[in-house]
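Participant: based on what follows, work out the 3D shape:
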Amino acid sequence: MTRSYDQSCPAARALDVVGGRWSLLIVRELLLGPRRYTDLVAGLPGIGPNVLAERLRALREAGVLSQTKLPPPAPSAVYELTELGASMRPLVDELTRWGMRLPTSPRPGDTFRLSWVLGCLRASFRPEQAGGVRETYEIRVNGDAFHLRVDDGVLDIRNGSAADPACVITTDLRTFMAVGARLVDIQDAVARGLAELEGELPAAVRAIAILGAHPEAIGDRHGIVGAVGAAFRPDRAIGVRETYEWVVGELVFHARVDDGTVEMNLGPAPDAATTVVTDLGTLLQLGVGSLPLEDALSAQVVSVNGDLDAALRMADAFGLVRAQGPVAAR
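Facilitator: I've put the predicted structure just below:
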(Lines give C-alpha, C1' and ligand atoms only; values in the text may rest on other atoms or scores of the structure.)
Protein backbone atom coordinates (compact mmCIF):
# COMPACT_ATOMS: atom_id res chain seq x y z
CA MET A 1 0.00 0.00 0.00
CA THR A 2 1.26 3.49 -0.89
CA ARG A 3 1.84 5.68 2.16
CA SER A 4 0.95 9.37 2.24
CA TYR A 5 2.96 12.26 3.59
CA ASP A 6 -0.33 13.69 4.93
CA GLN A 7 0.78 17.22 4.11
CA SER A 8 -1.36 19.92 2.51
CA CYS A 9 1.38 20.82 0.05
CA PRO A 10 1.36 20.36 -3.76
CA ALA A 11 4.87 18.88 -3.75
CA ALA A 12 3.94 16.37 -1.04
CA ARG A 13 0.71 15.46 -2.86
CA ALA A 14 2.68 14.91 -6.08
CA LEU A 15 5.11 12.63 -4.23
CA ASP A 16 2.15 10.75 -2.77
CA VAL A 17 1.30 9.82 -6.38
CA VAL A 18 4.68 9.30 -8.08
CA GLY A 19 7.20 9.32 -5.24
CA GLY A 20 6.96 5.61 -4.50
CA ARG A 21 9.49 3.09 -5.81
CA TRP A 22 8.95 2.35 -9.54
CA SER A 23 6.12 4.86 -10.07
CA LEU A 24 8.19 7.51 -11.84
CA LEU A 25 9.97 4.85 -13.90
CA ILE A 26 6.59 3.60 -15.13
CA VAL A 27 5.90 7.14 -16.30
CA ARG A 28 9.33 7.19 -17.97
CA GLU A 29 8.42 4.09 -19.98
CA LEU A 30 5.00 5.42 -21.00
CA LEU A 31 6.44 8.73 -22.20
CA LEU A 32 7.64 6.71 -25.23
CA GLY A 33 4.09 5.67 -26.08
CA PRO A 34 1.49 3.07 -25.05
CA ARG A 35 2.93 -0.11 -23.57
CA ARG A 36 1.57 -3.56 -22.89
CA TYR A 37 2.00 -5.10 -19.47
CA THR A 38 4.74 -7.37 -20.84
CA ASP A 39 6.51 -4.34 -22.33
CA LEU A 40 6.55 -2.68 -18.92
CA VAL A 41 7.93 -5.84 -17.30
CA ALA A 42 10.74 -5.90 -19.89
CA GLY A 43 11.47 -2.20 -19.45
CA LEU A 44 11.52 -2.39 -15.64
CA PRO A 45 13.84 -5.31 -14.79
CA GLY A 46 13.62 -6.16 -11.12
CA ILE A 47 10.02 -5.15 -10.52
CA GLY A 48 7.75 -7.88 -9.17
CA PRO A 49 4.40 -8.57 -10.85
CA ASN A 50 2.44 -7.72 -7.70
CA VAL A 51 4.30 -4.43 -7.29
CA LEU A 52 3.79 -3.49 -10.95
CA ALA A 53 0.08 -4.30 -10.75
CA GLU A 54 -0.31 -2.21 -7.59
CA ARG A 55 1.61 0.76 -9.04
CA LEU A 56 -0.45 0.67 -12.25
CA ARG A 57 -3.66 0.60 -10.24
CA ALA A 58 -2.57 3.54 -8.08
CA LEU A 59 -1.45 5.63 -11.08
CA ARG A 60 -4.69 4.85 -12.86
CA GLU A 61 -6.77 5.90 -9.84
CA ALA A 62 -4.74 9.13 -9.64
CA GLY A 63 -5.54 9.90 -13.28
CA VAL A 64 -1.91 9.59 -14.44
CA LEU A 65 -2.52 6.73 -16.87
CA SER A 66 -5.36 4.84 -18.48
CA GLN A 67 -5.83 1.34 -19.87
CA THR A 68 -7.22 0.82 -23.36
CA LYS A 69 -7.62 -2.00 -25.88
CA LEU A 70 -5.68 -2.09 -29.12
CA PRO A 71 -7.85 -2.67 -32.20
CA PRO A 72 -7.67 -5.98 -34.13
CA PRO A 73 -5.66 -7.87 -35.23
CA ALA A 74 -3.80 -7.37 -31.92
CA PRO A 75 -6.57 -6.70 -29.40
CA SER A 76 -4.30 -6.60 -26.35
CA ALA A 77 -4.62 -4.14 -23.49
CA VAL A 78 -2.13 -1.27 -23.29
CA TYR A 79 -1.36 1.41 -20.74
CA GLU A 80 -0.87 5.01 -21.81
CA LEU A 81 -0.46 8.35 -20.10
CA THR A 82 -3.39 10.70 -19.72
CA GLU A 83 -2.99 14.41 -20.39
CA LEU A 84 -2.14 14.80 -16.71
CA GLY A 85 0.49 12.06 -16.89
CA ALA A 86 2.01 13.36 -20.13
CA SER A 87 2.44 16.78 -18.51
CA MET A 88 5.18 15.19 -16.37
CA ARG A 89 7.49 15.07 -19.40
CA PRO A 90 9.42 18.27 -18.45
CA LEU A 91 9.86 16.95 -14.90
CA VAL A 92 11.26 13.61 -16.11
CA ASP A 93 13.49 15.37 -18.64
CA GLU A 94 14.89 17.69 -15.98
CA LEU A 95 15.47 14.76 -13.62
CA THR A 96 17.34 13.01 -16.45
CA ARG A 97 19.49 16.11 -17.07
CA TRP A 98 20.29 16.25 -13.37
CA GLY A 99 21.18 12.55 -13.36
CA MET A 100 23.51 13.07 -16.32
CA ARG A 101 25.57 15.43 -14.15
CA LEU A 102 26.22 12.77 -11.52
CA PRO A 103 29.52 10.82 -11.64
CA THR A 104 29.35 7.83 -13.99
CA SER A 105 29.78 4.63 -12.01
CA PRO A 106 28.27 1.47 -13.55
CA ARG A 107 28.00 -1.37 -11.06
CA PRO A 108 28.07 -5.15 -11.48
CA GLY A 109 24.55 -6.34 -12.17
CA ASP A 110 23.37 -3.02 -13.63
CA THR A 111 20.99 -3.57 -16.52
CA PHE A 112 20.68 -1.49 -19.66
CA ARG A 113 17.81 -0.81 -22.04
CA LEU A 114 17.89 1.23 -25.22
CA SER A 115 14.68 3.00 -24.15
CA TRP A 116 16.60 4.56 -21.27
CA VAL A 117 18.99 6.21 -23.73
CA LEU A 118 15.98 7.77 -25.45
CA GLY A 119 15.24 9.74 -22.31
CA CYS A 120 18.79 11.13 -22.46
CA LEU A 121 18.21 12.10 -26.10
CA ARG A 122 15.07 13.98 -25.14
CA ALA A 123 16.90 15.67 -22.25
CA SER A 124 19.75 16.67 -24.61
CA PHE A 125 17.41 18.08 -27.26
CA ARG A 126 18.32 21.59 -28.37
CA PRO A 127 15.18 23.34 -29.62
CA GLU A 128 17.19 26.35 -30.80
CA GLN A 129 18.86 24.04 -33.34
CA ALA A 130 15.49 22.77 -34.55
CA GLY A 131 13.63 25.96 -35.40
CA GLY A 132 11.82 25.51 -38.70
CA VAL A 133 12.76 21.80 -38.90
CA ARG A 134 9.80 19.50 -39.52
CA GLU A 135 10.87 15.92 -40.18
CA THR A 136 11.09 12.46 -38.65
CA TYR A 137 14.18 10.30 -38.12
CA GLU A 138 14.07 6.56 -37.56
CA ILE A 139 16.91 4.77 -35.78
CA ARG A 140 17.37 1.01 -35.49
CA VAL A 141 19.83 -0.25 -32.89
CA ASN A 142 20.50 -3.97 -32.52
CA GLY A 143 17.06 -4.76 -33.90
CA ASP A 144 15.12 -2.24 -31.79
CA ALA A 145 13.48 0.64 -33.65
CA PHE A 146 12.41 4.07 -32.46
CA HIS A 147 11.72 7.37 -34.16
CA LEU A 148 12.08 11.05 -33.41
CA ARG A 149 9.68 13.61 -34.81
CA VAL A 150 10.85 17.24 -34.81
CA ASP A 151 8.27 19.96 -35.43
CA ASP A 152 9.69 23.49 -35.36
CA GLY A 153 11.62 23.16 -32.10
CA VAL A 154 9.36 20.53 -30.51
CA LEU A 155 10.54 16.92 -30.14
CA ASP A 156 8.53 13.73 -29.72
CA ILE A 157 10.30 10.36 -29.30
CA ARG A 158 8.38 7.12 -29.74
CA ASN A 159 9.08 3.42 -29.86
CA GLY A 160 8.65 1.65 -33.18
CA SER A 161 9.11 2.53 -36.84
CA ALA A 162 8.00 5.76 -38.49
CA ALA A 163 5.61 6.04 -41.41
CA ASP A 164 7.44 8.88 -43.15
CA PRO A 165 11.08 9.13 -42.01
CA ALA A 166 13.43 11.56 -43.72
CA CYS A 167 16.17 9.02 -42.99
CA VAL A 168 16.67 5.64 -41.34
CA ILE A 169 19.92 4.91 -39.48
CA THR A 170 20.71 1.26 -38.68
CA THR A 171 23.66 0.47 -36.42
CA ASP A 172 24.82 -1.25 -33.24
CA LEU A 173 24.75 0.22 -29.75
CA ARG A 174 28.44 1.12 -29.59
CA THR A 175 28.38 3.06 -32.86
CA PHE A 176 25.10 4.70 -31.88
CA MET A 177 26.68 5.92 -28.63
CA ALA A 178 29.83 7.10 -30.42
CA VAL A 179 27.84 9.02 -33.05
CA GLY A 180 25.56 10.48 -30.38
CA ALA A 181 28.58 11.60 -28.36
CA ARG A 182 29.86 13.41 -31.47
CA LEU A 183 32.96 11.22 -31.56
CA VAL A 184 32.19 9.75 -34.98
CA ASP A 185 30.56 11.62 -37.86
CA ILE A 186 27.58 9.81 -39.31
CA GLN A 187 29.23 10.07 -42.76
CA ASP A 188 32.34 8.31 -41.46
CA ALA A 189 30.30 5.63 -39.70
CA VAL A 190 28.43 4.87 -42.94
CA ALA A 191 31.60 4.95 -45.06
CA ARG A 192 33.33 2.48 -42.72
CA GLY A 193 30.37 0.11 -42.68
CA LEU A 194 29.57 0.78 -39.02
CA ALA A 195 26.11 2.10 -39.89
CA GLU A 196 23.64 1.94 -42.76
CA LEU A 197 21.70 4.95 -43.98
CA GLU A 198 18.47 5.02 -45.94
CA GLY A 199 17.25 8.40 -47.10
CA GLU A 200 18.87 11.79 -47.01
CA LEU A 201 22.33 12.27 -45.52
CA PRO A 202 21.63 15.96 -44.69
CA ALA A 203 18.64 14.81 -42.63
CA ALA A 204 20.87 12.41 -40.67
CA VAL A 205 23.40 15.19 -40.08
CA ARG A 206 20.59 17.47 -38.82
CA ALA A 207 19.39 14.73 -36.46
CA ILE A 208 22.83 14.40 -34.86
CA ALA A 209 23.27 18.17 -34.63
CA ILE A 210 19.93 18.51 -32.88
CA LEU A 211 20.18 15.50 -30.58
CA GLY A 212 23.89 14.74 -30.12
CA ALA A 213 25.66 15.27 -26.82
CA HIS A 214 26.81 18.76 -25.99
CA PRO A 215 28.72 20.12 -22.96
CA GLU A 216 25.82 21.97 -21.31
CA ALA A 217 23.75 18.74 -21.23
CA ILE A 218 26.40 16.77 -19.35
CA GLY A 219 27.66 19.36 -16.90
CA ASP A 220 30.50 20.58 -19.13
CA ARG A 221 32.20 17.17 -19.04
CA HIS A 222 34.06 16.34 -22.21
CA GLY A 223 32.11 14.08 -24.56
CA ILE A 224 35.07 11.75 -25.05
CA VAL A 225 35.26 11.09 -21.32
CA GLY A 226 31.57 10.23 -21.17
CA ALA A 227 31.78 8.02 -24.25
CA VAL A 228 34.72 6.04 -22.85
CA GLY A 229 32.90 5.67 -19.54
CA ALA A 230 29.79 4.40 -21.35
CA ALA A 231 31.84 1.55 -22.83
CA PHE A 232 32.88 0.28 -19.39
CA ARG A 233 32.01 -3.39 -18.76
CA PRO A 234 31.62 -3.96 -14.98
CA ASP A 235 31.72 -7.75 -15.30
CA ARG A 236 35.21 -7.56 -16.85
CA ALA A 237 36.59 -5.50 -13.94
CA ILE A 238 35.63 -7.59 -10.93
CA GLY A 239 38.60 -7.62 -8.53
CA VAL A 240 40.42 -4.88 -10.46
CA ARG A 241 41.44 -1.83 -8.42
CA GLU A 242 43.65 0.54 -10.37
CA THR A 243 43.60 3.82 -12.29
CA TYR A 244 44.11 4.27 -16.03
CA GLU A 245 45.11 7.48 -17.77
CA TRP A 246 44.50 8.55 -21.38
CA VAL A 247 46.33 11.26 -23.27
CA VAL A 248 44.53 12.14 -26.51
CA GLY A 249 46.21 15.14 -28.09
CA GLU A 250 45.87 17.91 -25.54
CA LEU A 251 43.09 16.12 -23.66
CA VAL A 252 44.04 14.17 -20.52
CA PHE A 253 41.55 12.15 -18.51
CA HIS A 254 41.55 9.09 -16.28
CA ALA A 255 39.35 6.25 -15.06
CA ARG A 256 39.49 4.94 -11.51
CA VAL A 257 38.29 1.32 -11.43
CA ASP A 258 37.31 -0.26 -8.13
CA ASP A 259 36.02 -3.85 -8.22
CA GLY A 260 33.56 -3.49 -11.09
CA THR A 261 32.79 0.22 -10.72
CA VAL A 262 34.38 3.16 -12.51
CA GLU A 263 34.74 6.90 -11.93
CA MET A 264 35.68 9.04 -14.94
CA ASN A 265 37.43 12.39 -14.48
CA LEU A 266 39.25 14.99 -16.52
CA GLY A 267 42.93 15.63 -15.84
CA PRO A 268 45.98 13.48 -15.07
CA ALA A 269 46.03 10.75 -12.43
CA PRO A 270 48.91 10.86 -9.93
CA ASP A 271 48.61 7.12 -9.29
CA ALA A 272 47.93 5.75 -12.79
CA ALA A 273 48.89 2.11 -13.29
CA THR A 274 49.33 2.86 -16.98
CA THR A 275 48.98 5.76 -19.41
CA VAL A 276 47.72 5.25 -22.97
CA VAL A 277 48.79 7.89 -25.47
CA THR A 278 47.10 8.16 -28.86
CA ASP A 279 45.30 10.50 -31.26
CA LEU A 280 41.57 11.10 -31.61
CA GLY A 281 41.20 9.10 -34.82
CA THR A 282 42.76 6.01 -33.26
CA LEU A 283 40.67 6.42 -30.11
CA LEU A 284 37.54 6.44 -32.26
CA GLN A 285 38.62 3.23 -33.98
CA LEU A 286 39.29 1.65 -30.61
CA GLY A 287 35.95 2.89 -29.29
CA VAL A 288 33.80 1.48 -32.09
CA GLY A 289 35.61 -1.85 -32.02
CA SER A 290 37.29 -1.70 -35.42
CA LEU A 291 40.82 -1.64 -33.96
CA PRO A 292 41.77 -3.83 -30.96
CA LEU A 293 44.41 -2.36 -28.66
CA GLU A 294 46.89 -5.13 -29.51
CA ASP A 295 46.76 -4.19 -33.19
CA ALA A 296 47.07 -0.48 -32.38
CA LEU A 297 50.19 -1.20 -30.33
CA SER A 298 51.67 -3.30 -33.14
CA ALA A 299 50.99 -0.50 -35.63
CA GLN A 300 52.58 2.01 -33.20
CA VAL A 301 49.54 4.30 -33.30
CA VAL A 302 49.19 3.83 -29.54
CA SER A 303 51.95 3.95 -26.94
CA VAL A 304 51.80 2.79 -23.34
CA ASN A 305 53.70 4.42 -20.50
CA GLY A 306 53.74 2.17 -17.46
CA ASP A 307 52.45 -1.35 -16.94
CA LEU A 308 51.52 -3.02 -20.25
CA ASP A 309 49.49 -5.68 -18.43
CA ALA A 310 47.48 -2.90 -16.79
CA ALA A 311 46.85 -1.42 -20.23
CA LEU A 312 45.49 -4.78 -21.38
CA ARG A 313 43.26 -4.99 -18.31
CA MET A 314 42.02 -1.49 -19.10
CA ALA A 315 41.31 -2.51 -22.69
CA ASP A 316 39.41 -5.57 -21.52
CA ALA A 317 37.33 -3.53 -19.06
CA PHE A 318 36.42 -0.99 -21.74
CA GLY A 319 35.91 -3.45 -24.60
CA LEU A 320 39.02 -2.49 -26.59
CA VAL A 321 40.78 -5.85 -26.68
CA ARG A 322 40.31 -9.31 -28.11
CA ALA A 323 40.03 -11.23 -24.85
CA GLN A 324 38.41 -14.61 -24.35
CA GLY A 325 38.53 -14.59 -20.57
CA PRO A 326 39.10 -12.17 -17.68
CA VAL A 327 42.51 -10.57 -17.48
CA ALA A 328 43.68 -11.10 -13.92
CA ALA A 329 44.92 -8.13 -11.94
CA ARG A 330 48.20 -8.51 -10.13
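Participant: could you look up the SS state of N265?
Facilitator: strand (DSSP: H, G, I helix; E, B strand; the rest coil).
Participant: i'd like the first residue to be 718 from this point on
Facilitator: I'll keep to 718 as the first residue from here, and by that count the last item is N982.
Participant: that one contacts H971, correct?
Facilitator: Yes - using C-beta atoms under 8 Å, N982 is in contact with H971, at 5.9 Å. The C-beta positions use only the backbone N, C-alpha and C, and glycine is treated the same way.
Participant: compare those two and say which is more crowded by neighbours.
Facilitator: Remark: of N982 and H971, H971 carries more neighbours, 21 against 16, as counted by other C-beta atoms under 10 Å.
Participant: which strand or helix spans that one?
Facilitator: Taking DSSP states H and E as the definition, H971 sits inside strand 968-975.
Participant: go on, A1013?
Facilitator: Going by DSSP H and E, A1013 is part of helix 1010-1015.
Participant: now that helix: average pLDDT?
Facilitator: Across helix 1010-1015, pLDDT averages out at 84.
Participant: for E980, see how far away the residue nearest in space to the middle of the chain is.
Facilitator: Nearest residue to the geometric centre of the chain (C-alpha atoms, centre = their mean): V834, 3.3 Å. Shown here: V834 relative to E980, a distance of 21 Å by C-beta to C-beta, to the nearest Å.
Participant: and the strand holding H971, which strands flank it?
Facilitator: Strand pairing for strand 968-975, determined by DSSP bridges: strand 958-965 (antiparallel), strand 978-983 (antiparallel).
Participant: mind listing what's buried along the helix holding A1013?
Facilitator: By 16 or more other C-beta atoms under 10 Å, the buried positions in helix 1010-1015 come out as L1010, A1013, L1014.
Participant: OK, contacts around the first one?
Facilitator: Residues near L1010 by C-beta atoms under 8 Å, 6 or more residues apart in numbering: L1003, V1019, A1028, L1029, A1032, L1037, V1038.
Participant: min pLDDT across those residues, which one?
Facilitator: Lowest confidence among the contacts of L1010: V1038, with 57.
Participant: other SSEs contacting the helix or strand encompassing R1030?
Facilitator: Element membership of R1030 [criterion: DSSP H and E] is helix 1025-1034. Applying 3 or more C-beta pairs under 8 Å, 6 or more residues apart in numbering; DSSP states H and E, one finds that helix 1025-1034 contacts strand 958-965, strand 968-975, strand 989-995, helix 1010-1015.
Participant: hang on, I874 in a strand?
Facilitator: Yes - counting by three-state DSSP, I874 falls inside a strand.
Participant: what count of nearby residues applies to L872?
Facilitator: If you count neighbours by other C-beta under 10 Å, L872 ends up with 19.
Participant: list the contacts of the closest residue in space to it that isn't next to it in sequence.
Facilitator: The spatial neighbour of L872 that comes closest, neighbours along the chain excluded (C-beta to C-beta, 6 or more residues apart in numbering), is F842 at 4.7 Å. Contact analysis of F842 by C-beta under 8 Å, 6+ apart lists L872, I927, L928.
Participant: what's the distance between F842 and P807?
Facilitator: To P807, F842 is 12 Å away according to C-beta to C-beta.
Participant: tell me the contacts of G877?
Facilitator: The contact partners of G877, by C-beta under 8 Å, 6+ apart, come to G750, A862, F863, H864.
Participant: repeat that for 6 Å
Facilitator: Counting by C-beta atoms under 6 Å, 6 or more residues apart in numbering, G877 makes contact with A862.
Participant: over to Y854?
Facilitator: Contacts of Y854 were listed using C-beta under 6 Å, 6+ apart, and they are L865, C884, A924.
Participant: pull out the buried positions in stretch 753-772.
Facilitator: Those would be Y754, D756, L757, G760, L761, I764, L769, E771, R772, for stretch 753-772 by 16+ other C-beta under 10 Å.
Participant: gap between it and the chain center?
Facilitator: Relative to its chain's centre, stretch 753-772 lies at 21 Å (C-alpha atoms, centre = their mean, to the nearest Å).
Participant: same check, this time on stretch 1012-1025
Facilitator: Per C-alpha atoms, centre = their mean, the centroid offset for stretch 1012-1025 relative to its chain is 30 Å.
Participant: end-to-end on it?
Facilitator: End-to-end distance for stretch 1012-1025, by C-alpha to C-alpha, to the nearest Å: 14 Å.
Participant: that older thread, quick one: the helix holding R1030 to strand 978-983, angle?
Facilitator: Computed by axes from the mean of the first three to the mean of the last three C-alpha atoms, to 10 degrees, the angle separating helix 1025-1034 from strand 978-983 equals 100 degrees.
Participant: buried ones in helix 1025-1034?
Facilitator: Neighbour-count burial for helix 1025-1034 flags A1027, A1028, L1029, R1030, M1031, A1032, D1033, A1034 (criterion: 16+ other C-beta under 10 Å).
Participant: with stretch 723-738 instead?
Facilitator: Neighbour-count burial for stretch 723-738, counted by 16+ other C-beta under 10 Å, picks out L732, D733, V734, V735, G736, G737.
Participant: and which of those residues is nearest E811?
Facilitator: Nearest to E811 among those: V735, at 13.9 Å, using C-beta to C-beta.
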